[in-house]
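*Asks:* After the sequence you'll find the predicted model.
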Number of protein chains: 4
Amino acid sequence: MIIRMSAQANTEDSIRIVERVRECGFEPFLARTKKGYVVVATGTGRLSELDILKSEPWVKSIEPLACPYPLASRQLKDERSVVEVGGVAIGGPEVVVIAGPCSVESPEQLFRTARVVKAFGAHLLRGGAFKPRTSPYDFQGLGVEGLRLLREASLETGLPVVTEVMGTEDVDDVAEYADMLQVGARNMQNFTLLRRLASTPRPILLKRGPSAHIKEWLLAAEYLLSGGNQNVVLCERGIKTFETELRNTLDLAAVALVRELSHLPIIVDPSHATGRRSIVSATSRAAIAVGADGLIVEVHPEPERALSDGPQSLDLDGFEQLMRDVCEPLRALAGSMALNI
Amino acid sequence: MIIRMSAQANTEDSIRIVERVRECGFEPFLARTKKGYVVVATGTGRLSELDILKSEPWVKSIEPLACPYPLASRQLKDERSVVEVGGVAIGGPEVVVIAGPCSVESPEQLFRTARVVKAFGAHLLRGGAFKPRTSPYDFQGLGVEGLRLLREASLETGLPVVTEVMGTEDVDDVAEYADMLQVGARNMQNFTLLRRLASTPRPILLKRGPSAHIKEWLLAAEYLLSGGNQNVVLCERGIKTFETELRNTLDLAAVALVRELSHLPIIVDPSHATGRRSIVSATSRAAIAVGADGLIVEVHPEPERALSDGPQSLDLDGFEQLMRDVCEPLRALAGSMALNI
Amino acid sequence: MIIRMSAQANTEDSIRIVERVRECGFEPFLARTKKGYVVVATGTGRLSELDILKSEPWVKSIEPLACPYPLASRQLKDERSVVEVGGVAIGGPEVVVIAGPCSVESPEQLFRTARVVKAFGAHLLRGGAFKPRTSPYDFQGLGVEGLRLLREASLETGLPVVTEVMGTEDVDDVAEYADMLQVGARNMQNFTLLRRLASTPRPILLKRGPSAHIKEWLLAAEYLLSGGNQNVVLCERGIKTFETELRNTLDLAAVALVRELSHLPIIVDPSHATGRRSIVSATSRAAIAVGADGLIVEVHPEPERALSDGPQSLDLDGFEQLMRDVCEPLRALAGSMALNI
Amino acid sequence: MIIRMSAQANTEDSIRIVERVRECGFEPFLARTKKGYVVVATGTGRLSELDILKSEPWVKSIEPLACPYPLASRQLKDERSVVEVGGVAIGGPEVVVIAGPCSVESPEQLFRTARVVKAFGAHLLRGGAFKPRTSPYDFQGLGVEGLRLLREASLETGLPVVTEVMGTEDVDDVAEYADMLQVGARNMQNFTLLRRLASTPRPILLKRGPSAHIKEWLLAAEYLLSGGNQNVVLCERGIKTFETELRNTLDLAAVALVRELSHLPIIVDPSHATGRRSIVSATSRAAIAVGADGLIVEVHPEPERALSDGPQSLDLDGFEQLMRDVCEPLRALAGSMALNI
């Protein structure tokens, strides 16, 4: 059930209702929206007792849950959420661009990339230190050394850093060095990891699993939200289908649907979704046009020498081109059109 | 093999080469590009004999085929093709909008829709007279009566008509009443139908099969092209994947890739791709941004009473909204950006 | 609605009810089961009028349709159907083996194969004369000449012949030469073809489309059944999924489910399903164990020289091995176990 | 590269070669096969130096790696591996049946089930204590209390226990109470977990991910093997496809292919693969016929009251039926046929 408090209700009033909900046998969550506090009652408690709360002074309404992921849903709050990452707002009016190499390979590779993406207008720096690789014999990332380099590149350029965390035991390390923690596609339903990340103070970038239904994705976000981490950004990165001419199938209609179902910000990764440098620009344009709040793009000074994902990485000129031809006019356009539902 | 003629070579010179290619045991096709005539040699003939043609006066170069669909490919011609349908150019600078009901149901329904979509700027009228229905017990379309109504609506509004042809025996009828013949998704590999349509004078709208690889789709187009019909427009309408929250998965990266691989115009059907009215606008924007040459959209005066596909049809106000909010600014934008590869 | 006649009702009684059903605005179908006649009322007529039939002397019961494909369903009849093809019963106690080359290529190739598969126990001969090929430049089959060779091979060996029909205009030709007409996977929803085949006197082998839901498949069968052809055998031949290490994904659970949902016989094509000779035996065993009524297997005297589908064709020794090691013991087993649900 | 030692070479000889391989810059792995020791050199070392080992006394041959998962592959060893779990051999001549509830819910539920499955011939007991659930609001399992109950049920019945481990921090707990540790489908590419499990002394049951290519699955096994755990059993449990009438699509051809590519034992989970009790028997028969080394089946005394996966659980009578009608005759059959490739 969703218990909406009147706009005049303060935190204390709301917490009192939270306690009452717990006494009815439900698990309560408190959320704050523009229109006031909302208490979500999940689990299976005594509905008749809960119903009595209707007569409480600050309770405006009680309504049944409309979907299995109440905290991620538009039912909870009408307005879209904005997640702040090191001073950058994801989900606001500006399209956010996250750029950097697939893997951190060396100081030179990282710093050169970081300076260039900063110069051309990127808002955040990406780079993998812990790499989930299909084969145990492939390059597995520089680990903590990679994290240190990312932090250095961040200090130099002023770009906040996003990087992947693969296991619960690395959460503290990654949270120390990075501004935002990424859950990789293959870990989207690693519930142990999600539960651990729910209690980190860092915002989370939650990639969609390669075969995750939209509902499963939003329920993965619900693990984070219900565990206490409200700063969740979704990332569409392509799904696995019968089609093999591109690496994955970019599901942009899912972005439009997620905007309708959920208040969480959502960005798009055209690099992994397509695996093909030559169409990163076109699909980036489409991502923004469909309503994505941002892009995460792979950039490498020498893609042909990259230790991972070279064919989908833009080179430095390619990134400049992307920013000039694609993002600027569309960003303007996005402003002029009532894109925000 | 691809034999390129010099720009000075005339039709007669080229036809002479065509004959020589046939004598070498290949099946020849003649095409005209901005840079001059091109003869494509398919099948398995005597390569050493063909090689001798290099020394012919008007032959500029001979190169091996780079893909299995030479006539549809960019190797044949660098420039993109433009297909004319009743005076409307598909594949040119303007984004073309095809709109109308899923099925022709009655004169009132059709004429009312046709007038409105015309008024708000649509370029062609769509409407189904022969309907491929999953169940034999569902409404199968008005048949030739539906074709007559389409022709009438076309005469009244000036909009050329696109409609589906399901079987070889209907090709002449449909070609008599319609300006463009649509091959439905489930018929994309109905090779008997494709071969028959290769000899109709009408342009063809070739929908992608629900599980067609891009290569299979271009090879289906190759059936039309090699059979003699050069006026082929492709249409992406969503593919079948594990995802079920939308009707199909709209594959916009495929549009970008097809533009790279083929010179044929390509449009997008956001109605079938998503099955959900509320995201037709957002996905239309994305389709145009990714480089589609047009849209085909379902519009019905009373979607909730439609005999087929109501949930994905825009009502008349919805179509007006689509044209105003979405197409106009993006069309402007498309012009300002170097979208044409 | 399903109107069950009492066991004593004769044909005339039943036809009278058929007329009454039509008068109520429904489209009626008459079927015969072990327990007596059944009239199926499809479409949307006047239910209250139909209800009055309950009081008719020979009407036992009236019940609502439980699924969208009443004629194909178990609701219509409990017992499984048996389809006779040139004297061979498909759907009876014996597992039927259909074998032969993918394409008819020459008299030698066909006759040699036919004699061997006959010798080792095959029940029917398969072979393609009209070939649906992805590329217009590939071998398209020998056409009517291929049909003649098949008929000759049939006369010599006594094996009835199954071959594909691709278009409505070939139906009469194919029906003249072949004992059973195959609808290829890509034509499963070629409704024009299905409607035409509904009126041929030959039994139909209906392959599942590469991305057909089970429901869509049974509805394709319903086109044949409702059009008047009761002799339909289904064929599972693998579906298109993300997995690419085999040609298709063989869906044997679908065979078990179809047996539960439908009374129609169902066989399995392990050659197309896997595309890999080395696992045709293992998957054939599994097909029989799951309840398939038969197999359709590709056999070629020299697979490495086949004009189509060589990698999945068994050679003649391979077929002997299949029959000896696989089919015989399992056939025995199938008999001893109550496989028929 | 694969360096095969002669049959006479002893452990010491082989370890000397291991050292030499490491000195050449490769990462070496030592394996023992029926024909003698084999040293696998992975990574990128100096091939010319490695080549010199050819002249070493006990080195029989050096050959390049034929696939990306050398330790899991048939190239390493011809014979199939047998994995012992608490005295039960998986991969040997007998088909192994693992049975029990989806989740451990209570002592009564577990003990009753355990006694019955034992009585009807099951070899191992399954039951979930840590449950990966799509929604954070669903029953998450009894945790360590569930592990204790499983151990108790094992002591009483003599059945070794298989249960899932979800995170690295639970590995020691689960390894203390269970005989075999299961990696769930959604964790198949949780590489942090795989690396941790490589060093547990317990055998691992590695479920295939819902959208895992066979190659990705074998590479996940390679993480375990290369990390030091040789006791890996694979489990096919259905993949995600467009088909929705069953929970997943059971991929039995994959079982046949995996037997060809890998020496690892492989079992099938017909419960998760189909999600439908009524076809568990038929698909179990097929799994054994295709060559599976065993089954893992969900059984619950009252499926309609199960806290998870009720619709796919057999009740106690259903399990008796499965063992009597399906497993016994097929097991006999499997013995009589040369199923082992």
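*Replies:* Structure's in. What do you need? Residues are numbered from 1 along each chain as shown, chains lettered A, B, ... in the order given.

*Asks:* For the closest residue to chain C within the stretch 1-150 of chain A, the count of nearby residues, please.
*Replies:* Nearest to chain C, among the residues of the stretch 1-150 of chain A, is A:Thr134, at 14.2 Å (CB to the nearest CB). Quick note: C-beta positions are derived from backbone N, CA and C, even for glycine. Look at A:Thr134: counted by other CB atoms under 10 Å in any protein chain shown, it has 18 neighbours.

*Asks:* three-state assignment of it?
*Replies:* Here A:Thr134 is coil, with the state taken from DSSP: H, G, I helix; E, B strand; the rest coil.

*Asks:* thought it was touching D:Glu216?
*Replies:* Yes - here A:Thr134 reaches D:Glu216: they are 5.6 Å apart, a contact under CB atoms under 8 Å.

*Asks:* got any residues that touch both of these two?
*Replies:* Common contacts of A:Thr134 and D:Glu216 (CB atoms under 8 Å, 6 or more residues apart in numbering or on different chains): D:Gln189.

*Asks:* count of residues packed around A:Pro93?
*Replies:* With other CB under 10 Å as criterion, A:Pro93 counts 12.

*Asks:* now chain A, which segments are flagged as low pLDDT?
*Replies:* A:328-341 (pLDDT under 70).

*Asks:* Show me how far stretch A:297-305 is from its chain's centre.
*Replies:* Relative to its chain's centre, stretch A:297-305 lies at 23 Å (CA atoms, centre = their mean, to the nearest Å).

*Asks:* How far does that stretch stretch from one end to the other?
*Replies:* End-to-end distance for stretch A:297-305: 17 Å, by CA to CA, to the nearest Å.

*Asks:* do the same with stretch A:271-288
*Replies:* Note: stretch A:271-288 ends 14 Å apart using CA to CA.

*Asks:* what about A:Arg74, how many neighbours?
*Replies:* Using other CB under 10 Å, A:Arg74 is surrounded by 17 other residues.

*Asks:* ok, now the one 3 residues further on?
*Replies:* As a burial measure, A:Lys77 scores 17 neighbours (other CB under 10 Å).

*Asks:* What segments of the stretch 51-200 of chain A are strands?
*Replies:* A:59-63, A:83-85, A:88-90, A:96-100, A:124-126, A:161-164, A:180-183 (DSSP state E, counting those that start in this stretch).

*Asks:* Any idea which residue is closest to the centre of chain A?
*Replies:* A:Val233 (2.1 Å; CA atoms, centre = their mean).

*Asks:* of all the residues in chain A, which ones are close to chain D?
*Replies:* A:27, A:42-43, A:68-69, A:132-137, A:166-170, A:186-187, A:189-193, A:209-211, A:216, A:219, A:222-223, A:226-227, A:240 (CB under 8 Å from any CB of the partner chain).

*Asks:* filter those to the buried ones?
*Replies:* A:42, A:68-69, A:132-137, A:166-168, A:170, A:186-187, A:189-193, A:209-211, A:216, A:219, A:222-223, A:226-227, A:240 (16 or more other CB atoms under 10 Å in any protein chain shown).

*Asks:* restrict the residues you listed to contacts with chain B.
*Replies:* Answer for those near chain B (CB under 8 Å from any CB): A:Ser211, A:Lys240.

*Asks:* now the strands of the stretch 51-200 of chain A in a markdown table, with mean neighbour count and distance to chain B?
*Replies:* Formatted as a markdown table, those follow (neighbours: other CB atoms under 10 Å in any protein chain shown; distance: least, CB to the nearest CB, whole Å):
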| stretch | mean neighbour count | distance to chain B |
| --- | --- | --- |
| strand A:59-63 | 15 | 21 |
| strand A:83-85 | 19 | 21 |
| strand A:88-90 | 20 | 19 |
| strand A:96-100 | 27 | 16 |
| strand A:124-126 | 28 | 20 |
| strand A:161-164 | 26 | 23 |
| strand A:180-183 | 24 | 20 |
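
*Asks:* Would you reformat the ones you listed as TSV and include distance to B:Gly100?
*Replies:* What follows is the strands of the stretch 51-200 of chain A, written out as TSV (distance: least, CB to CB, whole Å):
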stretch	distance to B:Gly100
strand A:59-63	40
strand A:83-85	42
strand A:88-90	40
strand A:96-100	39
strand A:124-126	45
strand A:161-164	46
strand A:180-183	44
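
*Asks:* want to try CSV for those, with distance to chain C as columns?
*Replies:* Below are the strands of the stretch 51-200 of chain A laid out as CSV (distance: least, CB to the nearest CB, whole Å):
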stretch, distance to chain C
strand A:59-63, 35
strand A:83-85, 32
strand A:88-90, 30
strand A:96-100, 27
strand A:124-126, 26
strand A:161-164, 23
strand A:180-183, 22
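
*Asks:* Go through the ones you listed and name the closest to B:Pro101.
*Replies:* strand A:59-63 (37.0 Å; CB to CB).

*Asks:* what are the phi and psi angles of the closest residue in space to A:Glu304 that isn't next to it in sequence?
*Replies:* Excluding its sequence neighbours, the residue lying closest to A:Glu304 (CB to CB, 6 or more residues apart in numbering or on different chains) is A:Gly310, at 5.8 Å. In terms of degrees, to the nearest 10, the main-chain angles of A:Gly310 are phi -50, psi -50.

*Asks:* ok, now which ones touch A:Asp13?
*Replies:* A:Met5, A:Tyr37, A:Pro57, A:Trp58.

*Asks:* any idea how far A:Trp75 is from D:Met1?
*Replies:* Wrong residue type there; residue A:75 is Gln, not Trp. 59 Å (CB to CB, to the nearest Å).

*Asks:* Repeat that for A:Pro160.
*Replies:* From A:Pro160 over to D:Met1 (counting by CB to CB), the distance is 45 Å.

*Asks:* Checking A:Val233 next. Helix, strand or coil?
*Replies:* Assignment for A:Val233 (three-state DSSP): strand.
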